[in-house]
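> here you go, sequence then predicted model.
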Amino acid sequence: MDRRNNLLYLSKIFYWFEEDFVEAAGSLENLVAPYLKEEVRLFLKDQRPKIRFLEYDWSLNAEGPLR
């Protein structure tokens with residue numbers, strides 16, 4: 001969240017599957033709101049920030065010691 005520039009940053013996954021998420025929750029903001037601090041939820045509701053999608057970190061799917 002970048003309040004100064006009124007931006008909400010989300011993973012690129014939310015962009016790829018936006019239609020599914022919006023169908024389930026009404027909006028991306030509604031989807032992520034339950035996982036945010038109260039002050040951030042209020043900011044989202046009052047300011048309606050623009051959403052910017054972050055590049056997905058494909059290394060999260062890489063083989064590693066936990067696999």
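Alright, I've got the coordinates.
> tell me who's in contact with the most centrally placed residue in the chain.
The chain has L10 as the residue nearest its centroid, 3.2 Å off, counting by CA atoms, centre = their mean. Shown in contact with L10 (CB atoms under 8 Å, 6 or more residues apart in numbering): L28, V32, I51, R52, F53, L54. To be clear about C-beta, it is placed using only N, CA and C from the backbone, and glycine gets the same treatment.
> now do R41
Per CB under 8 Å, 6+ apart, neighbours of R41: A33.
> next one: L54
L54 sits in contact with Y9, L10, S11, K12, where contact means CB under 8 Å, 6+ apart.
> turn the residues you listed into a markdown table, columns for secondary structure, pLDDT and distance to E23.
Putting the contacts of L54 into a markdown table (DSSP: H, G, I helix; E, B strand; the rest coil; pLDDT from 0 to 100; distance: CB to CB, whole Å) gives the following:
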| residue | secondary structure | pLDDT | distance to E23 |
| --- | --- | --- | --- |
| Y9 | strand | 94 | 22 |
| L10 | strand | 95 | 17 |
| S11 | strand | 94 | 18 |
| K12 | helix | 95 | 19 |
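> pull out the buried positions in the lowest-mean-pLDDT helix or strand in the chain.
Ranked by mean pLDDT, DSSP states H and E, the weakest helix or strand in the chain is helix 38-47, scoring a mean of 87. Neighbour counts over helix 38-47 (16 or more other CB atoms under 10 Å) mark F43, L44 as buried.
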